[in-house]
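1. model this:
(one chain, ligands or ions: 2)
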Amino acid sequence: MLQSFLFSKLNIIERMKYAVYYLKSEHSFDSAHFLANYEGKCRHIHGHRWRVIVEIMSPTLNTDEALDGMIVDFSKLKKDIKAEVDFFDHALIIEKGSLKPSTLTALIDEAFHVVEVDFRPTAERFSKYFYDRMTLKGYQVKSATVYETPANAASYEEDPHGTV
Ligand SMILES: Nc1nc2c(c(=O)[nH]1)N=C([C@H](O)[C@H](O)COP(=O)(O)OP(=O)(O)OP(=O)(O)O)CN2
Ligand SMILES: [Zn+2]
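-> Ligands and ions are numbered 1, 2, ... in the order given. Model prediction:
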């Protein structure tokens, strides 16, 4: 009797060790890009409505009055994602070094909103980019997912199997 009671208590404690809460929010941005050296239509400048979904996690919840029972207020998480995403809104995203300097200068001279990135602007690279940005903001990020089209998405996670 006592043995089975202790066993069930230990079982609960063991399960709680791995218990974690998740929170997810998203924001979208519209921008143009192209994939340099791509063999196909994506080598041309084209646009997407990029959808960015960030999932954060925490083993505990706040206990302060206003935030009681929350990892973080959804409105804060949403605002923080929006701030990152808005940087690219209505921009022409260009991988550094992928255009002739004279072309880049001409675009900038036209006062277009040009954003240069030091990675190939694929959904995969953007998922890591947003994962890193949200981590820098202090979130414990589980994953970042970027939809390039309604049917195509990439996600980035670190240690998805919990080996670290
Ligand atoms: N693994 C990846 N593959 C591709 C990426 C990417 O980010 N990761 N990106 C592209 C292009 O940017 C392109 O916009 C995607 O085009 P496509 O798959 O053709 O999507 P559409 O829905 O526009 O396709 P339709 O055939 O026009 O319906 C390519 N690959
Ligand atoms: Zn594209």
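2. Spell out whether stretch 118-128 and ligand 1 are in contact.
-> Yes - looking at stretch 118-128 against ligand 1 by C-beta under 6 Å from any ligand atom, the contacts come from 122-124. The way it works is simple: take the backbone N, C-alpha and C, and place the C-beta from them, glycine included.
3. Show residues contacting the helix or strand hosting Ile94.
-> In the assignment (DSSP states H and E), Ile94 maps to strand 91-95. Applying C-beta atoms under 8 Å, 6 or more residues apart in numbering, the contact partners of strand 91-95 are 31-33, 36, 45, 104, 107, 112-121.
4. and the residues you listed, which of them are in strands?
-> Among these, the members falling in strands are 31-33, 114-117 (criterion: DSSP state E).
5. Scan these and report the most crowded one.
-> Counting neighbours by other C-beta atoms under 10 Å, the top entry in the ones in strands among the contacts of strand 91-95 is His33, with 24 neighbours.
6. correct me, but that residue touches Ile45?
-> Yes - taking contacts as C-beta atoms under 8 Å, His33 lies within contact range of Ile45: 7.3 Å.
7. near ligand 1, anything from the strand holding Ile94?
-> No - legend: contact between strand 91-95 and ligand 1 by C-beta under 6 Å from any ligand atom is lacking; minimum distance shown is 10.5 Å.
8. Rounded mean pLDDT for that strand, please.
-> Throughout strand 91-95, pLDDT has a mean value of 98.
9. what's the offset of it from the middle of its chain?
-> Relative to its parent chain, strand 91-95 has a centroid offset of 18 Å by C-alpha atoms, centre = their mean, to the nearest Å.
10. Would you check how far apart Thr105 and ligand 1 are?
-> 25 Å (C-beta to the nearest ligand atom, to the nearest Å).
11. returning to that earlier point: show me which of the ones in strands among the contacts of strand 91-95 neighbour ligand 1.
-> Within the ones in strands among the contacts of strand 91-95, nothing lies near ligand 1 by C-beta under 6 Å from any ligand atom.
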